[in-house]
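J.: Coordinates only, no sequence provided:
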C-alpha cells in the first residue's frame with residue numbers, strides 16, 4: 001500500500017468485541033489498511049455507503065486467483081483464513097460461475113419455500129424450549145441458551161434441508177467453528193478443514209448410494225447427470241458453505257438478539273406493547289450487533305481508492321458489516337443505540353449485514369424466519385428471562401469473522 005496511508009490496523013486473531021475498534025477506524029475514514037494473521041497486508045471497508053458501493057463495484061472480484069499474496073505463494077499452509085479464499089463455491093466465484101452455482105440451491109431458499117418450513121421451525125423451537133427448561137431445572141434455573149437453543153435450531157433446520165443425520169451435527173458445528181476462527185494454530189486449522197471435507201464427503205457418498213428428498217441428493221444429481229453444472233470439488237465446497245453459513249450466522253443472530261433485549265428491557269417492552277414487532281428486533285440486531293463482523297474476502301482487480309484510502313490490486317479486503325451497522329453517517333448520531341423502532345423512522349437506512357448485490361445472503365429469508373420464531377416463542381415462554389452473568393463477563397468468539405459470545409448463561413424466571 002502507498003506510503004501516504006495511515007498506520008495499518010492490526011486485526012486481533014483472538015477476536016473480541018469489535019465496536020470500539022470500529023468506531024476508531026470509522027473516525028479515520030470509510031476504509032482502512034489492516035494487517036491480517038500471518039502479516040498479510042489487507043484492507044477493510046467499513047463505512048456504510050462505501051461498503052455498499054464496494055460490494056457491487058465492477059472492479060472487485062471474489063475469485064482467489066486475484067489474491068496476489070496467495071498467487072505469489074506467500075500464504076503459509078494452515079493460514080486460518082484459507083477456507084474463505086479457496087473453498088470452491090458461490091462465495092468465491094464471479095460472473096457466470098457464481099450464477100451457475102447459486103442457481104443450484106437458490107430455489108430451496110425462496111420466500112415461498114422458506115415459509116413452507118415455518119411449521120417445522122415452530123415444532124423444533126417448541127422442543128428446544130422444553131430442552132432449555134430441563135437444562136435450567138438441573139442447573140439451578142440457569143442454562144446456556146446458546147448451547148441448548150440458539151445452536152440446535154438453525155443446525156437442525158439446515159441439516160434437515162441437506163439430509164444430514166443427527167449423529168453428524170455436533171461434529172459439524174465443532175469443525176465449522178474452527179474453520180471460521182482466526183486465532184487457531186496452523187496444524188489445528190489444517191486438521192479441521194480436512195476433517196470437515198472428509199465428513200461432508202462421507203455424507204455425500206452415502207447420499208449418492210441412497211438418495212433422498214433433500215438438497216444434498218439434488219446437488220449430487222446435478223453433479224452426476226449434468227457434470228458441466230457442478231464438479232465434485234464444487235459439490236463439497238457448496239456443502240461446506242451451506243453448513244457453515246446455514247447455522248453459524250443465525251446462531252449468532254439469535255444469541256445477540258437475546259443479549260440486546262436482556263440489556264434493553266425498555267425495547268422488549270415496546271415489542272410486548274405492539275409498538276414494534278419481533279421482525280423489528282431481528283433487523284435492529286442485524287444492524288446494531290451484526291452476526292458477522294468482518295467477512296473475507298473481495299479483491300480489487302485494479303488499484304482502487306475508497307474514501308482516500310488506496311487499496312492496491314489483489315489486496316484481500318474484509319467487508320466490515322459490524323462497523324457499517326453503526327456508521328453515524330448512515331444511521332444517525334444515535335447509531336450506537338439499540339432501538340427496535342429505528343426502521344420505522346422516515347428515511348431510515350437499511351443495514352448491509354446480510355450483504356448487498358449479487359452475493360446477497362441466499363439464506364436471508366430462512367435466517368430471518370428462524371430468528372423471529374425463536375425470539376417470539378422464547379420470550380413468550382420465559383417472559384422474565386435474564387442474563388445470569390453481566391454482559392462484560394461473557395467470553396467472546398475466538399475470531400474476528402463471527403461476532404458473538406461463546407456461551408450465553410441465562411436465568412429462566414418462574
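T.: Cool, got the structure. All values derive from a computational prediction rather than experimental measurement.

J.: now residue 246, nearest residue through space, not along the chain?
T.: With CB to CB, 6 or more residues apart in numbering as the criterion, residue 246 has its nearest non-adjacent residue at 3.3 Å, and that residue is residue 158. From N, CA and C alone the C-beta is placed, and that goes for glycine too.

J.: Please apply the same query to residue 65.
T.: Using CB to CB, 6+ apart, the nearest residue to residue 65 is residue 71, at 6.8 Å.

J.: Any idea how many residues pack against the one you found?
T.: By other CB atoms under 10 Å, the residues close to residue 71 number 12.

J.: all strands for the stretch 251-400 of the chain, in order.
T.: Listed in chain order, the strands of the stretch 251-400 of the chain (DSSP state E, counting those that start in this stretch) span 294-300, 304-306, 309-311, 317-320, 386-387.

J.: quick one: the helices in the stretch 51-200 of the chain?
T.: Using DSSP state H, counting those that start in this stretch, the helices of the stretch 51-200 of the chain run over 68-71, 82-86, 95-106, 111-115, 118-137, 145, 152-162, 169-179, 186-209.

J.: Which other helices and strands does the third one contact?
T.: Right, helix 95-106. helix 215-225, helix 232-263 (3 or more CB pairs under 8 Å, 6 or more residues apart in numbering; DSSP states H and E).

J.: likewise the second one?
T.: In this structure, helix 82-86 packs against helix 186-209, strand 294-300, with contacts taken as 3+ CB pairs under 8 Å, 6+ apart.

J.: Likewise for the fifth one?
T.: With contacts taken as 3+ CB pairs under 8 Å, 6+ apart, helix 118-137 sits against strand 142-144, helix 152-162, helix 364-381.

J.: Compile those into CSV and extend it with columns for mean pLDDT.
T.: Supplementary listing: the helices and strands packed on helix 118-137 in CSV, determined by pLDDT from 0 to 100:
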stretch, mean pLDDT
strand 142-144, 97
helix 152-162, 97
helix 364-381, 97
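
J.: could you dump the strands of the stretch 251-400 of the chain to TSV with mean neighbour count?
T.: Formatted as TSV, the strands of the stretch 251-400 of the chain follow (neighbours: other CB atoms under 10 Å):
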stretch	mean neighbour count
strand 294-300	23
strand 304-306	18
strand 309-311	22
strand 317-320	26
strand 386-387	16
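
J.: JSON lines for the ones you listed, including distance to residue 123 and mean pLDDT?
T.: What follows is these, written out as JSON lines (distance: least, CB to CB, whole Å; pLDDT from 0 to 100):
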{"stretch": "strand 294-300", "distance to residue 123": "32", "mean pLDDT": "98"}
{"stretch": "strand 304-306", "distance to residue 123": "46", "mean pLDDT": "97"}
{"stretch": "strand 309-311", "distance to residue 123": "47", "mean pLDDT": "96"}
{"stretch": "strand 317-320", "distance to residue 123": "35", "mean pLDDT": "98"}
{"stretch": "strand 386-387", "distance to residue 123": "27", "mean pLDDT": "97"}
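
J.: so which of the ones you listed comes closest to residue 350?
T.: The minimum distance between residue 350 and the strands of the stretch 251-400 of the chain falls on strand 317-320, with 15.6 Å, by CB to CB.

J.: Other residues contacting the closest one?
T.: Residues outside strand 317-320 that contact it (CB atoms under 8 Å, 6 or more residues apart in numbering): 11, 22, 25, 34, 42-46, 51, 54-55, 60, 293-300, 311, 352, 355.

J.: redo that, cut-off 7 Å
T.: Contacting residues not belonging to strand 317-320 are listed as 22, 34, 42-46, 51, 55, 294-299, 311 [CB atoms under 7 Å, 6 or more residues apart in numbering].

J.: how far is it from where the chain is centred?
T.: Between the mean C-alpha point of strand 317-320 and the mean C-alpha point of its chain there is a distance of 13 Å (CA atoms, centre = their mean, to the nearest Å).

J.: now do the same end-to-end measure for stretch 71-91.
T.: Using CA to CA, to the nearest Å, the span of stretch 71-91 from its first residue to its last is 18 Å.

J.: and it, which residues are buried?
T.: By neighbour count with 16 or more other CB atoms under 10 Å, stretch 71-91 contains the buried residues 75, 78-85, 87-91.

J.: and the helix or strand of the chain with the lowest mean pLDDT with helix 232-263, angle?
T.: Each helix and strand of the chain was given a mean pLDDT (mean pLDDT, DSSP states H and E); the minimum falls on helix 215-225 at a mean of 87. Counting by axes from the mean of the first three to the mean of the last three CA atoms, to 10 degrees, helix 215-225 lies at 160 degrees to helix 232-263.

J.: by contact count, what packs against helix 215-225?
T.: helix 95-106, helix 152-162, helix 186-209, helix 232-263 (3 or more CB pairs under 7 Å, 6 or more residues apart in numbering; DSSP states H and E).
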